[in-house]
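Novice: Make a model of this:
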Amino acid sequence: MTLTDPLDAGGPPGTKGPFDAKGPLGAAAPAPPAAPTGSPTPVFVALKLALLRNGLRQSAGRRAAYVSSIVVTLLFAALQLLGLVLLRGHDHVDALVTVLTAVLALGWAVMPLFFPGGDETLDPTRLVMLPLRPRSLITALLVSSLIGIGPLFTVTLAAGSAVAVAHGAAAAVAAAVAVVLTVLVCVALARAVATANTRLLTSRKGRDLALLSGLFVAIGAQFVNLGAQQLGGENGLAVLEPAAKVLRWVPPAAAVDAVQGVSDGAYGVAAAQFALTAGALAVLLCWWTGSLTHLMTTPDASTLQAVAPRARRGSGTAGTPDASGPFARLLPAGRTGTVLLRTLRYALRDPKTKSAWVTSVGIGLLLPVITAVQGNGSVYTACWASGLFGMQMYNQFGQDTSAFWMVAQTISSRRDAYLELRGRALALLLVAVPYVALAVVGSGFFLKDWPVVPEALGLALALLGSMLATGAMTSALAPYSVPQDSGYKNVVPAQVGIAWISIFGGMAAGAVLCAPVLGLTVWLHLTGAHGWLWVVLPLGAVYGAAIAETGLRMAAPRLAARLPEILAAVSKG
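Specialist: Reported below is the predicted structural model:
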């Protein structure tokens, strides 16, 4: 009997190919799977609808939140559509719709960075095992992205903007083209940004970035407030003209402004603006395709053998101070320096701590700038910076959670407790002092009120020391747990009352402790001794340091005596 190799597909006639071989039971080998020929777009649309439907089935609370968000979005969209239609014929309505479209596109660009969990289809790596070509995948993802609340709102705003500036049959046709281009550019922009940052958004840094969305919303709300105040002034919509002259050539605002050009008979300019917007859409699609191809064909850290560069460059982690580096040699010796370094690492690594620090810094700097722009600000407003950052001293042990037992094991005396608190306070001061000085000096620069800077800085430093003193006491007397598995909750439900008492009671006590320096400042103003107001700066700095030291020494024995109670309180999350 002659044996023929079944894998020899290139042999002479009569030999068996790989799929002509017979199994042990005489069954033929399976044929290769057929390559997909149909468009995956209907499948992706059905998948998007299934994701929405299954998400609503998870819980009644999520279903109620989604329905209420739809109702609010539709109501707001209807109101803004009605408002834009009523502004039809206004002298500066073209500037308004141009700026609105540009702001809308900016929102589409940044929202995937701060809210990556809002759409489960934003992570294309889930499709890496499917036999899909980039072009068909791009088309399917783009069409499925048009389903949702965001695209619906975008359509209504773009339609209202186009109707507000469209006059005549030609402008009506241009308005339809502008709406389609605007929606496609916004969706493609969001998809391209999300795809290019997929690895970031699905990592720990991405989750940290999502926690900062509150700061993004707060800053955006303040700018919206400023814009509303400016629009409500004497000049009205005319204040938007300078910005509109620049944004009318920035897609997709250029497409909406082109409708006004068609209404005015400037067909050449309108054609150039439409071409610019279409070109921007093509560039976005090319960028999206390139990012998607790179993402789907490049192995990530989970498929590569991990290397250990830390063994070659030291024990430090990228972005954090090295315990053996030059930064560590500048720290105080002993337990104080160790605790200071550990606290700074917590601020860099722990998402909740990082979010709290960055939010305090952002809002503390934003408030003086907002009040200065509004024209009714004062340099003393910068004292908010001291209060907001000083609050980070509150509940110092809550960020440790159940790992506080390792800290508790090292505290055997009041001296150890004092050094622990002092190291944490010095870590805050290392950032707070230059930050507060920047906030006060910046306020003086914006308001052109330099003589008030020394006394305001003295008050801010005194308030900072008072907040550190009360924060040390509340950390020892009223600790509470910070949950680690819930995105935006900073306290477990059973300890909400403790958290409110700790924060507001400590703030009230800090304001009372700062009263001597505040009273001195008021007295110097009332007596007309303005030439002596500069002494508030050194006295405030000395008083703040003294009151902080007093608070640390008073809190130390209470910390040493309440270690089991603190551990139980911070371990509930």
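Novice: got a list of what residue 150 touches?
Specialist: 108, 111 (CB atoms under 8 Å, 6 or more residues apart in numbering). Where you see a C-beta, it was placed from the backbone N, CA and C, and this is true even at glycine.
Novice: Roughly how far does it sit from residue 156?
Specialist: 11 Å (CB to CB, to the nearest Å).
Novice: Just give the number of residues close to residue 138.
Specialist: 22 (other CB atoms under 10 Å).
Novice: mind listing what it touches?
Specialist: Contacts of residue 138 by CB under 8 Å, 6+ apart are 285, 288, 289, 292.
Novice: Spit out the contact partners of the last one.
Specialist: Just to be clear, that refers to residue 292. Taking CB under 8 Å, 6+ apart, one finds 124, 134, 137, 138, 195 in contact with residue 292.
Novice: before we move on, what about residue 442?
Specialist: Counted by CB under 8 Å, 6+ apart, residue 442 has contacts 365, 368, 369, 382.
Novice: ok, the third one to residue 445 distance?
Specialist: Distance, residue 369 to residue 445, using CB to CB: 10 Å.
Novice: Next step: the contacts of residue 292 restricted to helices.
Specialist: 134, 137, 138, 195 (DSSP state H).
Novice: Pull the distance from stretch 405-424 to the chain's centre.
Specialist: 34 Å (CA atoms, centre = their mean, to the nearest Å).
Novice: what mean pLDDT would you report for that stretch?
Specialist: The pLDDT scores in stretch 405-424 average 90.
Novice: buried stuff in it?
Specialist: Buried positions in stretch 405-424, judged by neighbour count with 16 or more other CB atoms under 10 Å: 407, 408, 411, 416, 417, 418, 419, 420, 421, 422, 423, 424.
Novice: Comparing residue 369 and residue 445, which residue is more hemmed in?
Specialist: Higher neighbour count among residue 369 and residue 445: residue 369, with 18 against 13, using other CB under 10 Å.
Novice: now the strands: where do they sit in the stretch 1-150 of the chain?
Specialist: With DSSP state E, counting those that start in this stretch, there are no strands along the stretch 1-150 of the chain.
Novice: which residues in the stretch 351-500 of the chain form helices?
Specialist: Ranges of helices within the stretch 351-500 of the chain are 351-374, 383-390, 404-409, 414-447, 453-477, 496-513, based on DSSP state H, counting those that start in this stretch.
Novice: and the first one, what other elements does it pack with?
Specialist: Contact here means 3 or more CB pairs under 8 Å, 6 or more residues apart in numbering; DSSP states H and E; on that basis helix 351-374 packs against helix 204-211, helix 213-231, helix 335-349, helix 383-390, helix 414-447.
Novice: So what touches stretch 78-87?
Specialist: 93, 96, 97, 156, 157, 159, 160, 161, 163, 164.
Novice: ok, now stretch 549-556?
Specialist: 414-415, 417-418, 421-422, 425, 468-473, 475-476.
Novice: picking that back up, so among the contacts of residue 292, which ones count as buried?
Specialist: Here, 16+ other CB under 10 Å leaves 124, 137, 138, 195 buried among the contacts of residue 292.
Novice: was I right about the last one contacting residue 288?
Specialist: Yes. Using CB atoms under 8 Å, residue 195 makes contact with residue 288 at a distance of 5.8 Å.
Novice: Low-confidence regions, the stretch 301-450 of the chain specifically.
Specialist: Applying pLDDT under 70 to the stretch 301-450 of the chain flags residues 301-329, 372-376.
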